[in-house]
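Colleague: would you be able to build a 3D model of this:
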Amino acid sequence: MNEEKYTVTITLSVLLFLIFFYSGKFSAEAQSVSRSFETEISFPKELNTPAINFDLKSVGNKKFKLILDKPNAQLTNVKIFDILGNLILQDQLLPDGGLQKNYDFTHLNSKIFVVEVGNAKYNKTKSIYANPHGTLEKEASLEE
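Modeller: Next up, the predicted model:
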């Protein structure tokens, strides 16, 4: 009788193991779903724009010239800030607008300007002291 109980116990154990083993196998197979994957990647044209290079040249008291290294192929944004970080002017350079543009801020107190030029991908920032080389500022004379 002991042998019958032992045989039944082993048989039940093997059956339970097989049930768990096959049920796991079936659930794993049921979860494998075929999906289509993208094989091409495309980006908007604006992301593939070249970097903008430019120079700033002082042409007078509180006046300067923005000079692009090469013609811009698309609309280029220009932001000009005073030394305190206040936005003074927001401008756009058109593709057929040429390589230079003059700015005149004689109506402002600041002589130091920060210029940010950029497009959809790149921004470059430079600063300029807008007082031409070789000229001195007139000092206010104090009367006693």
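
Colleague: residue ranges of the helices in this protein, please?
Modeller: 2-31 (DSSP state H).

Colleague: low-confidence ranges in the chain?
Modeller: Residues of the chain meeting the criterion pLDDT under 70: 1-3, 5-6, 20-38, 43-50, 132-144.

Colleague: all strands of it, in order?
Modeller: 54-60, 63-68, 76-82, 87-93, 100-104, 112-118, 123-129 (DSSP state E).

Colleague: buried ones in stretch 88-106?
Modeller: By 16 or more other Cβ atoms under 10 Å, the buried positions in stretch 88-106 come out as 93, 103, 105. Backbone N, C-alpha and C define where each C-beta goes, glycine included.

Colleague: what sits up against stretch 104-123?
Modeller: Stretch 104-123 is contacted by residues 46-52, 54, 56, 60-64, 66, 68, 72, 74-85, 88, 93, 124-131 when judged by Cβ atoms under 8 Å, 6 or more residues apart in numbering.

Colleague: so Ile80 sits right up against Tyr103, yeah?
Modeller: Yes. Counting by Cβ atoms under 8 Å, Tyr103 is a contact partner of Ile80 at 6.6 Å.

Colleague: quickly list what's touching both of the two.
Modeller: Taking Cβ under 8 Å, 6+ apart as the contact rule, Ile80 and Tyr103 both touch Leu89.

Colleague: give me the number of residues near the closest residue to Leu87 other than its chain neighbours?
Modeller: If the residues on either side of it in the chain are set aside, Leu87 comes closest to Phe81, at 5.7 Å by Cβ to Cβ, 6 or more residues apart in numbering. Neighbour count of Phe81, defined by other Cβ atoms under 10 Å: 18.
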